[in-house]
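In: Sequence and predicted structure, then a few things I'm wondering about:
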Amino acid sequence: GNSVTQMEGPVTLSEEAFLTINCTYTATGYPSLFWYVQYPGEGLQLLLKATKADDKGSNKGFEATYRKETTSFHLEKGSVQVSDSAVYFCALRSSGGGADGLTFGKGTHLIIQP
Amino acid sequence: KAGVTQTPRYLIKTRGQQVTLSCSPISGHRSVSWYQQTPGQGLQFLFEYFSETQRNKGNFPGRFSGRQFSNSRSEMNVSTLELGDSALYLCASSLEGYSYGYTFGSGTRLTVV
């Protein structure tokens, strides 16, 4: 079956630090990959996505590259802000008709200190 | 463009009761899926609907059921509630196709006492 593994944290960084959140996956075929962010008390928001190998998704200064050879989709940001504090979820959607919904990692709680 | 709307936002129910949660997807989205979020288990897939048909179901007991109407609105029902059913229930809608991401609602917070 499909699975997603990501570092759970919490990850605590100082403002303006470089961020990497690792994500690896197991899936049959060629899934689409996503990063979602959840702010306290809210639902999930799509942060970025990539639908094929070597695609780079980017949004709000965050980037992630679909690496098929290493089955990874690591999230990076060059300079984090306090407002980036949230829980980040890596997820995949199977290419098998997309009927399986999303498979999520456990989530990484990110805390940015001023 | 209106987002995914879930009602109610909060519910408190007693063990043994049943509950129905509602979800209105984004206009034009015919895929609707439901997820349960708990601190211990994280986000778990409940089921996926497309054009009134359930296409897949996650590993949950038969007490969890759902349906989708012709206007793509969806409901999920949990019967004989247990304390462990306390969770945030999230609904998400999408265009058809695995390359599309889902747009999530704000969720319904269910507390079973």
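Out: Received it, and whenever you're ready, just let me know what you need. Residues are numbered from 1 along each chain as shown, chains lettered A, B, ... in the order given.

In: residue contacts, the residue nearest to residue B:14 when sequence neighbours are not counted?
Out: Using Cβ to Cβ, 6 or more residues apart in numbering or on different chains and skipping residues adjacent in sequence, the residue nearest residue B:14 is residue B:113, 6.0 Å away. From N, CA and C alone the C-beta is placed, and that goes for glycine too. Residues near residue B:113 by Cβ atoms under 8 Å, 6 or more residues apart in numbering or on different chains: B:12-15, B:83.

In: Closest one of these to residue A:104?
Out: For these, the minimum distance to residue A:104 (Cβ to Cβ) is 23.5 Å, reached by residue B:83.

In: Phi first, then psi, for the closest one.
Out: phi -60, psi -40 (degrees, to the nearest 10).

In: Contact residues of chain B facing chain A?
Out: Counting by Cβ under 8 Å from any Cβ of the partner chain, chain B comes close to chain A at B:4, B:31, B:33, B:35, B:42-43, B:45, B:47-48, B:50, B:55-56, B:58, B:90, B:92, B:94, B:96-107.

In: What is the neighbour count of residue B:10?
Out: 9 (other Cβ atoms under 10 Å in any protein chain shown).

In: Next up, the contacts around it.
Out: With contact taken as Cβ under 8 Å, 6+ apart, residue B:10 is in contact with B:108-109, B:111.

In: got those as a markdown table, with neighbour count columns?
Out: As requested, the contacts of residue B:10 are exported to a markdown table (neighbours: other Cβ atoms under 10 Å in any protein chain shown):
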| residue | neighbour count |
| --- | --- |
| B:108 | 21 |
| B:109 | 16 |
| B:111 | 12 |
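
In: Now go through those and say which are in strands.
Out: Per DSSP state E, strands hold the following members of the contacts of residue B:10: B:108-109, B:111.

In: how distant is the worst-scoring helix or strand of chain B on mean pLDDT from the center of its chain?
Out: Ranked by mean pLDDT, DSSP states H and E, the weakest helix or strand in chain B is strand B:53-57, scoring a mean of 89. For strand B:53-57, the gap between its own C-alpha mean and the chain's C-alpha mean amounts to 12 Å (Cα atoms, centre = their mean, to the nearest Å).
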